[in-house]
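Visitor: A predicted structure for the sequence below; I have some questions about it.
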Amino acid sequence: MAAREEVLALQAEVAQREEELSSLKQRLAAALSTGQESARSVPVSPLPPRAALSREEIRRYSRQLVLPELGMQGQLRLAAAAVLVVGCGGLGCPLAQYLAAAGVGRLGLVDYDVVEASNLARQVLHGEALAGQAKVFSAAAALRRLNSAVECVPYAQALTPATALDLVRRYDVVADCSDNAPTRYLVSDACVLAGRPLVSASALRFEGQLTVYHYGGGPCYRCVFPRPPPAETVTSCADGGVLGAVTGVLGCLQALEVLKTAAGLGPSYSGRLLLFDALRGDFRCIRLRRRRPDCAACGERPTVTDLQDYESFCGSSATDKCRSLRLLSPEERISIMDYKRLLDSRSPHLLLDVRPQVEVDICRLPHALHIPLKSLERRDAESLKVLGEAIREGKQGAQEGASVPIYVICKLGNDSQKAVKILQSWADLDSLTVKDVVGGLMAWAAKIDGTFPQY
Ligand SMILES: Nc1ncnc2c1ncn2[C@@H]1O[C@H](COP(=O)(O)OP(=O)(O)OP(=O)(O)O)[C@@H](O)[C@H]1O
Ligand SMILES: [Zn+2]
């Protein structure tokens, strides 16, 4: 009998090699797929109804089978159900994990993105070794490890108006786990056109929301939000931050709604919006407006009879990770390379960092003056004084008392554009050159200084 230590060491090695093998298989699958796999190339066949469970299935699902509300009939419905998960990020990972564990027959996974280090704190199906891999392959491999009987269909592509309807029609229930307005309208319209219920959630910072659209005569996304919000008012997780456990809570609640819908129990949140505040530990529920008779998608005389150009409709991109705003003309902006050249040539200027203090605590350029965008927005007196002094000092350093230009920087180049707009609107600064640094400090980290932290 080998020593216990030897057994443990061998078990650890087996686990590690299995992990490596699985990673290799995913890289192979990713290479074969070319990332452009067409939705049309995937088999369409619906899952056949299930008449009975096997002995193994009865044992595996025994704890939920004995729930009278679910029972054998509910479990058979789950086994014959196909669910489309749009987005394998913070919400999609926990959602898909619980659907696979509960025995949903087929899971379609759509995502165009690859795993990055900054995903790992909340996108719990992906592991360290999988950075750079397509999220759908990483997720599918993890789900197959969890439950090999569940059929996982990965689509390593963006859901677009060209592919959405065809894809949505192949599934019984759709879960929106995406993170942008164009995709939310696209998924909702496709669900209305295909007649599918949509379980939708979102999470940001310490807060989350959840509802079920287009179920049993309830409203669709457009009934509640007929018009998209202005692009500059939308905050992403990359900008605003999010705690992984918050997306975990919302993803699990989404899984519950999908499971109840697919098993025939019916969802709880059709026509109701659940609001979760993790900092206060509060769950609240508000009633949503009823279906609008004049809704462009699900109303009496719908104008959305085909999927449209949702990026133009929302004025923002569905796939651009940085969600770059275009508030300024090219003349009002400077590239990171040009800024570096200017810095190297010691050209007098003022670099204004407008990120919140919490981000400055993570990293900063030592020569930058820090005034958060929020202080500029409310014309905070102390900040104005500091800025005025910096401008005066710069003037003294510049030739013949000329004003030095101000370059405004933030993390990604969105807040800096808003700050330039504010500074331009101040009459006492209108003789100054004020530009934003395109791409912000993340462009600095990517193109100028590889040791600068990316966050
Ligand atoms: N139109 C779309 N088609 C396919 N996948 C999409 C689409 N829009 C968004 N997604 C995916 O939805 C997921 C949203 O999850 P989440 O916001 O947690 O991830 P993320 O965008 O990687 O995070 P971060 O904003 O921190 O970089 C992402 O993986 C994103 O690629
Ligand atoms: Zn509607």
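Guide: Structure's in. What do you need? Residues are numbered from 1 along each chain as shown. Ligands and ions are numbered 1, 2, ... in the order given.

Visitor: and the nearest residue to residue 102 once chain neighbours are set aside, what helix or strand is that in?
Guide: Distances taken as Cβ to Cβ, 6 or more residues apart in numbering put residue 259 closest to residue 102, at 5.7 Å, once the chain neighbours are dropped. Any C-beta I mention is one placed from the backbone N, CA and C, and that applies to glycine too. Following DSSP states H and E, one finds residue 259 within helix 244-263.

Visitor: how about the contacts made by the residue nearest to residue 102?
Guide: Taking Cβ atoms under 8 Å, 6 or more residues apart in numbering as the contact definition, residue 259 lies against 78, 98, 99, 102, 104.

Visitor: please identify which helix or strand holds the closest residue to ligand 1 within the stretch 301-450 of the chain.
Guide: Here the residue of the stretch 301-450 of the chain nearest ligand 1 is residue 318; by Cβ to the nearest ligand atom that distance is 4.4 Å. Counting by DSSP H and E, there is no helix or strand that carries residue 318.

Visitor: and it, what are its phi and psi?
Guide: Dihedral angles phi and psi of residue 318 (degrees, to the nearest 10) take the values phi -90, psi -20.

Visitor: can you tell me how far the closest residue to it other than its chain neighbours sits from ligand 2?
Guide: In space, not counting the residues next to it along the chain, residue 318 is nearest to residue 182; the distance is 4.0 Å by Cβ to Cβ, 6+ apart. Going from residue 182 to ligand 2 by Cβ to the ion, to the nearest Å gives 17 Å.

Visitor: how about the residues of the stretch 151-300 of the chain by ligand 2?
Guide: Contacts of the stretch 151-300 of the chain with ligand 2, taken as Cβ under 5 Å from the ion, map to 220, 222, 223, 295, 297, 298.

Visitor: from the chain's centre, how far out does stretch 271-289 sit?
Guide: Mean C-alpha position of stretch 271-289 versus that of the full chain (Cα atoms, centre = their mean, to the nearest Å) differs by 20 Å.

Visitor: nearest residue to the residue in the chain positioned nearest to ligand 1 in space, please, no chain neighbours.
Guide: Using Cβ to the nearest ligand atom, residue 89 is the residue of the chain that sits closest to ligand 1, at 1.9 Å. Nearest residue to residue 89, sequence neighbours excluded (Cβ to Cβ, 6+ apart): residue 123, at 5.4 Å.

Visitor: same question for residue 443.
Guide: Nearest one to residue 443, counting by Cβ to Cβ, 6+ apart, is residue 336 at 4.1 Å.

Visitor: give me the neighbour count for that neighbour.
Guide: 21 (other Cβ atoms under 10 Å).

Visitor: over to residue 355?
Guide: Residue 355 has 24 nearby residues by other Cβ under 10 Å.

Visitor: which ones are touching it?
Guide: Contacts of residue 355 by Cβ under 8 Å, 6+ apart are 370, 372, 373, 410, 411, 415, 441.

Visitor: the last one is in contact with residue 409, isn't it?
Guide: So that's residue 441. Yes: using Cβ atoms under 8 Å, residue 441 is in contact with residue 409, at 6.2 Å.

Visitor: report the set of residues contacting both of those two.
Guide: 353, 365.

Visitor: for stretch 258-268, measure first residue to last.
Guide: 10 Å (Cα to Cα, to the nearest Å).

Visitor: what about the strands in the stretch 1-150 of the chain?
Guide: 82-86, 106-110 (DSSP state E, counting those that start in this stretch).

Visitor: so which of the ones you listed is the most packed in?
Guide: strand 82-86 (a mean of 27; mean count of other Cβ atoms under 10 Å).

Visitor: show me what it packs onto, helices and strands only.
Guide: helix 92-102, strand 106-110, strand 173-176 (3 or more Cβ pairs under 8 Å, 6 or more residues apart in numbering; DSSP states H and E).

Visitor: run through who's touching the longest one.
Guide: By Cβ under 8 Å, 6+ apart, the list of residues contacting helix 92-102 from outside reads 61, 64, 78, 83, 85-86, 88, 107, 109, 111, 122-126, 139, 142-143, 146-147, 150, 152, 175, 177, 247-248, 251-252, 254-256, 258-259.

Visitor: what segments of the stretch 201-350 of the chain are strands?
Guide: Going by DSSP E, counting those that start in this stretch, the stretch 201-350 of the chain shows strands at 207-213, 272-277, 282-287, 333-334, 350-353.

Visitor: dump those strands into JSON lines; add mean neighbour count as well.
Guide: Formatted as JSON lines, the strands of the stretch 201-350 of the chain follow (neighbours: other Cβ atoms under 10 Å):
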{"stretch": "strand 207-213", "mean neighbour count": "25"}
{"stretch": "strand 272-277", "mean neighbour count": "16"}
{"stretch": "strand 282-287", "mean neighbour count": "11"}
{"stretch": "strand 333-334", "mean neighbour count": "21"}
{"stretch": "strand 350-353", "mean neighbour count": "23"}
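
Visitor: ok, residue 214 - contacts?
Guide: Neighbours of residue 214 in contact, by Cβ under 8 Å, 6+ apart: 188, 191, 192, 196, 197, 198, 220, 298.

Visitor: could you do residue 367 as well?
Guide: residue 351.
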